[in-house]
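**Q** below are the sequence and a predicted model; questions follow.
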Amino acid sequence: MSDEGSSSLFGEESMPEDNMEMRQRRVRTTQMGDPVPRRVERKQTKPAAEWTKAIIMSFAALAGFVVFTLRKKATYLARKGSDFKTFDKCNLATYPVWKLDEAEELNMSKCEHMNLPDDIEVWSRFKSVKKLDLNSNSLTDLPSAMEALAPSLEILFLSENKFTKVPDVIKKMTKLRVLSMRGNLLTELTSENLPVASLVWLILTNNNIGNISSNVNNLTHLRKLMLSHNSLHEIPLELHECKDLELIRLADNNLETIPREVLSLPRLGWISLSGNPIFKSKTPKNSEKIIKENDIEINKSKILGQGASGIVFSGTYQDQDVAVKVFKEQSKGSDGNAEDEMSINSVVDNPYAISAIGVVENNGKKKMLVMKLLKGTSPLGKVPSFDTVTRDAGPAPLSQKIINKEVLLTTIWNVASALEYIHGSIGVSHGDIYLHNVLIDGDKVSRISDWGASFAYDLDDAEQAELIEKIEVLAFGRLIQDILSWHSKVIEGEPFKGLLDDILQPEITERPGFKAIKDRLALMPEMSEIAG
Ligand SMILES: Nc1ncnc2c1ncn2[C@@H]1O[C@H](COP(=O)(O)OP(=O)(O)OP(=O)(O)O)[C@@H](O)[C@H]1O
């Protein structure tokens, strides 16, 4: 140890005294002859009290270190033992530090006192967060320090807040694939603050959006765009430059027209347009049979299924078993309106489509849909996930035991038949053709269900009608692709190859319509018994 080191151990105040002593000794050496070695002299002159002080301070420092370490360990064990029960999900400072760099999902929704720090150091502790849920928090902006999440963040939920624009920091999130800002106060869709190179799924349902900027064409990777329940008067032509678009929801806006170029998008397979002036005159009115609430008995303990728009219960009406879909209060579903779903379902009359018996009104508001009950029913697919985006996530587990080649061929035939009927006879698009919306009953009959995205269109406008039908033709092609890939051990794909190539081609008018599709299916040897 150096001299400076040993001096500092004794405190600042000992320095001048020591120096003076040393100066005096130097004088003595030159004036009185033999010098006395400096170190030896210092040792001899150090008072015992100073040594005692040094030892006590060393012990005190050591004891402090031990106490500090033990307290840290105790806090760690206490938090670990409490299994995260004590941390406040709305306050990042309380998150268990030993877990931060492993956390892939953060749920900070519905916080009473939300505090998002503008501190890059805090946010950079979350190295692996892929999904962040900030729904229902009255937020108006996001701190720029959240940029620290950019290396990992893929899914961001900002729904049911008070944003009037997309926060600036979002454009820095270069891995963001899914952004949900449903139920905010946005007035424009602009790509300005969006990560255009990564975004595939954009949810802007139920805002005040009256304008889509022409810069929307920067969203070249976008596959799914949800814009229902806004105030749009027109769709800019530039949207047709978003060539990856596969699904667009535009229900409940103020659209008088829709550009032909947008309807011709090469990958577009799902669209909803109900509740717009464009097809208002075509939407069936008072088509529903009104059922009195007292005449229907709902078995609330028997849930047949549930989805985004409501819960389907088992019930009884005029001595017959029925299924009753009870819509969520103020349901502003991403697909469309409950009213349109009920009126369209009421005019559908086909053996391979679920048809309505009537609707139940309460205070002049239609709130329940009564359907024929399909006994022992199960959907054939699982709804899309954040990974599959526009495609069903896979076969539904329940359906596996009833799957065989005949069931799959019959399903393809039944869906084609129902689609030929709705497009050819009543001018209706289903808008949501997926295997998760095909129900198979105990007698192995498949039918299309869930008319939540459906809309009636104008069959007299032949050019437009063709495009609308052929958008759904593409969805039907995707459905066949899913059947063939999920069940490749049960059914061969080869016989469908030529038909599928025609259905999936990007030039929309070149695709066959449903009548031609059915004719070609009927000619396939596999289908001979089913089509006969
Ligand atoms: N007529 C019926 N008979 C028996 N079960 C039914 C009937 N209609 C619907 N179900 C069951 O209820 C589930 C949900 O129905 P539906 O798809 O109409 O609801 P949703 O809220 O529109 O769903 P999504 O989230 O897909 O839009 C179905 O998958 C099915 O299991």
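**A** That came through fine.

**Q** near the ligand, which residues of the stretch 201-350 of the chain show up?
**A** Counting by CB under 6 Å from any ligand atom, the stretch 201-350 of the chain comes close to the ligand at 304-310, 312, 323, 325. C-beta: built from backbone N, CA, C; applies to glycine.

**Q** meant to ask about the stretch 401-532 of the chain, not that
**A** With CB under 6 Å from any ligand atom as the criterion, the stretch 401-532 of the chain meets the ligand at residues 437, 439, 449-450, 452.

**Q** farthest-apart pair in these, please.
**A** Taking CB to CB, the two most distant members of these are L439 and G452; they sit 14.2 Å apart.

**Q** between these two, which is the more surrounded one?
**A** G452 (30 against 22; other CB atoms under 10 Å).

**Q** ok, that one touching E339?
**A** No. Under the criterion of CB atoms under 8 Å, G452 makes no contact with E339, lying 11.1 Å away.

**Q** wait, what's in contact with the residue in the chain that the ligand sits nearest to?
**A** Closest to the ligand within the chain is G307: 1.8 Å, counting by CB to the nearest ligand atom. G307 makes contacts with 383, 450, 452, as judged by CB atoms under 8 Å, 6 or more residues apart in numbering.

**Q** switch these over to JSON lines; also include pLDDT.
**A** Formatted as JSON lines, the contacts of G307 follow (pLDDT from 0 to 100):
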{"residue": "V383", "pLDDT": "95"}
{"residue": "D450", "pLDDT": "95"}
{"residue": "G452", "pLDDT": "94"}
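
**Q** which ones among those residues lie within helices?
**A** Using DSSP state H, no member of these falls in helices.

**Q** and which of those residues is nearest to I271?
**A** Nearest to I271 among the contacts of G307, with distances taken as CB to CB, is G452, at 13.2 Å.

**Q** follow-up on the earlier one: need the buried ones from the residues of the stretch 201-350 of the chain next to the ligand selected in PyMOL.
**A** Applying 16 or more other CB atoms under 10 Å to those, the buried members can be selected in PyMOL as follows:
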select buried, resi 304+305+307+309+310+312+323+325
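
**Q** thinking again about what came up before, for the residue of the chain closest to the ligand, give its distance to L255.
**A** Separation of G307 from L255 (CB to CB, to the nearest Å) stands at 25 Å.

**Q** go on, L142?
**A** 31 Å.

**Q** swap in I278?
**A** I278 is 5 Å from L255, by CB to CB.

**Q** likewise V129?
**A** Remark: distance between V129 and L255 (CB to CB) = 38 Å.

**Q** quick one, which of these two is more surrounded?
**A** More crowded of V129 and L255, by other CB under 10 Å: V129, with 23 against 19.

**Q** pLDDT weak spots in the stretch 101-250 of the chain?
**A** Residue ranges of the stretch 101-250 of the chain with pLDDT under 70: none are present.

**Q** which residues of the stretch 301-450 of the chain fall in strands?
**A** According to DSSP state E, counting those that start in this stretch, the stretch 301-450 of the chain carries its strands in the segments 310-317, 320-327, 356-362, 365-372, 378-379, 381-382, 394-395, 428-429, 438-440, 446-448.

**Q** and the stretch 101-250 of the chain, by the same measure?
**A** 105-107, 131-133, 155-157, 178-180, 188-189, 201-203, 211-212, 224-226, 247-249.

**Q** export those strands as TSV, with columns for mean neighbour count and distance to K171.
**A** Formatted as TSV, the strands of the stretch 101-250 of the chain follow (neighbours: other CB atoms under 10 Å; distance: least, CB to CB, whole Å):
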stretch	mean neighbour count	distance to K171
strand 105-107	15	21
strand 131-133	19	16
strand 155-157	21	12
strand 178-180	21	11
strand 188-189	20	14
strand 201-203	21	13
strand 211-212	18	18
strand 224-226	22	18
strand 247-249	25	23
